[in-house]
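Q: generate coordinates for the sequence data below:
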Amino acid sequence: MMMLELAIAMDSTRQDLRTTTIVVASTFVIVFLVVRAVEHNSVILNGYSAVLYCAVMSIGLQWLGWIPASIGKTERFYDLTGGLTYLIVIGFSLWAGSQSEPPSLRELMVSVLTVIWSLRLSSFLYRRIHRTGKDGRFDQLKTSPIRFLVPWTLQGLWIFLTMIVVIVINSQADSAPAFGIWDGMGLSIWIVGFGFEVIADRQKTVFNAEPNNQGKWIDSGLWSFSRHPNYFGEILLWTGIAFFGVSCFTGLERVAWISPLFIYLLLTKVSGIPILDKRALEKWGDSPEYQKYRENTPALIPRLSRKS
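A: Numbering: from 1, shown residues only. As a prediction, this is how the structure comes out:
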C-alpha cells in the first residue's frame with residue numbers, strides 16, 4: 001500500500017513538473033519575442049534594453065514571492081505582490097527613460113493611470129482574500145510547490161503583457177510627439193473603463209455583504225446589463241492605455257498593442273468568464289430565474305436596455 005501511494009505521488013509530481021515546465025518555457029518564449037519586437041527604440045542600460053529589464057523584473061519578482069508562498073502554502077500575498085511589481089516596473093521604466101530625456105506628459109500620464117489602477121485593484125483583492133480567508137482558485141495548486149509556480153509565472157506574464165504599452169512609452173530613447181488627440185481619447189476611454197470596474201466591484205461587495213443575499217447571484221446595478229461588468233471595465237481601461245501609443249509608436253513597437261487583446265482573450269477564453277460561468281452554472285444552473293438572467297444578460301459587453 002505504501003509503495004502504491006509513493007508511486008501515485010511520484011506520478012503526480014512528474015505531471016506537475018511537466019506542466020510547469022511547459023508553462024515556464026512558453027512564458028519565456030512569448031516574453032522573448034515581444035521584447036525583441038518592441039525594444040528597437042528602447043534606452044540601453046549596460047548593453048541591454050530597458051524593456052528586457054522590465055520583463056525580467058515582472059517575472060523575477062513573482063518567483064521571489066512564490067518562494068515564501070509555497071513554503072507557507074498560502075495565496076494571501078499573491079495579488080499584493082502583483083500590485084507591488086507594477087509599481088516597481090513603472091518606477092524603473094520612468095527612470096530608464098529619463099536617462100535619455102526627462103519624462104514627457106504622456107509618460108507621466110500613463111504611469112499615473114497604471115499606478116491608480118494597480119493600487120486600487122491589488123488592495124481590493126488583498127482585502128477580499130483576507131476577508132474570505134482564501135481564494136478557491138488556488139486550493140489544488142498550493143498543495144504542490146511545483147504546481148504552485150504556474151500561477152506565479154503566469155502572473156509575471158500578465159504583468160508584463162498588460163503594461164507593455166506603458167513600458168515602451170516610458171523607455172523610449174527618442175523624443176516622442178507632443179500630447180495630442182489620441183492621448184485624450186485614451187484618457188477618456190480609461191476613465192470610463194476604470195469607472196465600470198470600480199463601480200461593479202463595489203456593487204458586488206455591498207451585495208455579498210448583505211446576509212439576505214448569501215448564496216444568491218447579483219443581477220442589480222451594472223450587473224443587470226452585463227454578467228461581468230468588471231471585466232468589461234478592465235478590458236476597456238487597458239484599451240485606453242493602448243491609445244496613448246498611437247502617436248508615438250513606430251515599426252514593431254506597435255506589437256505592444258497586443259496588451260488589450262491579450263487581456264480580452266485571457267478573461268473571455270481562459271481564466272475569467274469561463275471559470276466563473278462554470279461555477280455559476282454548478283450553483284444555480286437548475287434555477288429558472290438564473291437561466292432567465294443568463295439568457296437576457298450578455299456575458300461581457302453591457303446591453304444598453306434591459307430585457308423584460
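
Q: what about the longest helix in the protein?
A: Taking DSSP state H as the assignment, the helix of the chain that covers the most residues is helix 2-38.

Q: go through it and flag the buried ones.
A: In terms of neighbour count (16 or more other CB atoms under 10 Å), helix 2-38 has its buried residues at 16, 20, 23, 24, 27, 31, 34, 35, 37, 38. Backbone N, C-alpha and C define where each C-beta goes, glycine included.

Q: next one: stretch 203-223
A: Buried positions in stretch 203-223, judged by neighbour count with 16+ other CB under 10 Å: 203, 204, 207, 217, 218, 219, 222, 223.

Q: got CSV for those residues, with distance to residue 67, pLDDT and secondary structure too?
A: Conversion of the buried residues of stretch 203-223 to CSV gives the following (distance: CB to CB, whole Å; pLDDT from 0 to 100; DSSP: H, G, I helix; E, B strand; the rest coil):
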residue, distance to residue 67, pLDDT, secondary structure
203, 37, 95, helix
204, 33, 93, helix
207, 37, 93, helix
217, 38, 90, coil
218, 37, 92, coil
219, 42, 91, coil
222, 39, 95, helix
223, 38, 95, helix
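
Q: out of the residues you listed, which is nearest to residue 144?
A: residue 204 (31.2 Å; CB to CB).

Q: who are the contact partners of residue 131?
A: When the contact criterion is CB atoms under 8 Å, 6 or more residues apart in numbering, residue 131 has no partners at all.

Q: need the distance between the two termini of stretch 241-251.
A: Between the opening and closing residues of stretch 241-251 there is a gap of 19 Å (CA to CA, to the nearest Å).

Q: what's the most distant pair in the buried residues of stretch 203-223?
A: The largest distance within these, taken as CB to CB, falls between 217 and 222 and amounts to 13.7 Å.

Q: ok so, going back, pLDDT and distance to residue 70 added to the buried residues of helix 2-38, as JSON lines?
A: Formatted as JSON lines, the entries for the buried residues of helix 2-38 read as follows, by pLDDT from 0 to 100; distance: CB to CB, whole Å:
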{"residue": "16", "pLDDT": "85", "distance to residue 70": "12"}
{"residue": "20", "pLDDT": "91", "distance to residue 70": "12"}
{"residue": "23", "pLDDT": "92", "distance to residue 70": "15"}
{"residue": "24", "pLDDT": "94", "distance to residue 70": "15"}
{"residue": "27", "pLDDT": "95", "distance to residue 70": "18"}
{"residue": "31", "pLDDT": "97", "distance to residue 70": "22"}
{"residue": "34", "pLDDT": "97", "distance to residue 70": "27"}
{"residue": "35", "pLDDT": "97", "distance to residue 70": "27"}
{"residue": "37", "pLDDT": "96", "distance to residue 70": "33"}
{"residue": "38", "pLDDT": "96", "distance to residue 70": "32"}
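
Q: possible to save those residues as a markdown table with distance to residue 269?
A: Written out in a markdown table, the entries for the buried residues of helix 2-38 read as follows (distance: CB to CB, whole Å):
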| residue | distance to residue 269 |
| --- | --- |
| 16 | 24 |
| 20 | 22 |
| 23 | 17 |
| 24 | 21 |
| 27 | 17 |
| 31 | 20 |
| 34 | 19 |
| 35 | 24 |
| 37 | 23 |
| 38 | 24 |
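
Q: alright, that wraps it up for me.
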